[in-house]
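1. Whatever this is, show me its structure:
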Amino acid sequence: MTETMCYILLSLRKPRHGYGIILHVRKITRDRLKLGAGTIYQTLRKLEAANLIIPVREEDRKKLYVITRTGRRLLREETDRIAEIYNNLRIER
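-> Numbering: from 1, shown residues only. Sure, this is the predicted structure:
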């Protein structure tokens with residue numbers, strides 16, 4: 001999973017639209033990761049096609065998405081994978 005996908009899934013634990021995701025990711029990465037609109041919407045399409053997110057409603061012509069049960073499971077697996085890498089890096093110091 002790419003870092004972008006990981007942060008988008010993480011952002012969608014509550015309903016958000018594309019721009020809301022962009023703002024949330026910037027906030028939680030302290031401006032390290034600045035996603036563009038093209039990246040967001042292309043990734044949202046991929047995640048929706050893979051049944052990792054679903055649209056839940058529209059507000060002001062903006063589609064809001066939320067992570068699915070499958071998406072949550074994948075995010076947990078990714079968390080475990082990253083934790084393993086982190087722990088192995090600490091051992092190798």
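
2. Output the below-cut-off pLDDT ranges for this structure.
-> Within the chain, the segments meeting pLDDT under 70 span 92-93.

3. which helices and strands sit right next to the longest helix along the chain?
-> For the chain, the helix with the greatest residue count under DSSP state H is helix 69-91. For helix 69-91, the elements it packs on are helix 3-11, judged by 3 or more C-beta pairs under 8 Å, 6 or more residues apart in numbering; DSSP states H and E. (C-beta placed from N, C-alpha, C; glycine too.)

4. Now the helix it packs on: buried residues?
-> 5-11 (16 or more other C-beta atoms under 10 Å).

5. Output stretch 37-45 as CSV - backbone C-alpha positions only.
-> Output of stretch 37-45 as CSV, limited to C-alpha atoms (Å, rounded to 0.1, in the frame of the first residue of the first chain):
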residue,chain,number,x,y,z
ALA,A,37,-6.6,17.0,-6.1
GLY,A,38,-5.6,14.8,-9.0
THR,A,39,-3.8,12.3,-6.7
ILE,A,40,-6.8,12.3,-4.2
TYR,A,41,-9.5,11.7,-6.8
GLN,A,42,-7.5,9.1,-8.7
THR,A,43,-6.8,7.2,-5.5
LEU,A,44,-10.4,7.5,-4.3
ARG,A,45,-11.6,5.9,-7.5
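
6. Return the distance of it from the chain's centre.
-> Relative to its parent chain, stretch 37-45 has a centroid offset of 11 Å by C-alpha atoms, centre = their mean, to the nearest Å.

7. Same check on stretch 62-76?
-> Put simply, stretch 62-76 sits 8 Å off its chain's centre (C-alpha atoms, centre = their mean).

8. now swap in stretch 29-39 and tell me
-> The chain centroid and the centroid of stretch 29-39 are separated by 11 Å, computed with C-alpha atoms, centre = their mean.

9. List the contacts of it.
-> 3-4, 7-8, 18-19, 21-22, 25-26 (C-beta atoms under 8 Å, 6 or more residues apart in numbering).
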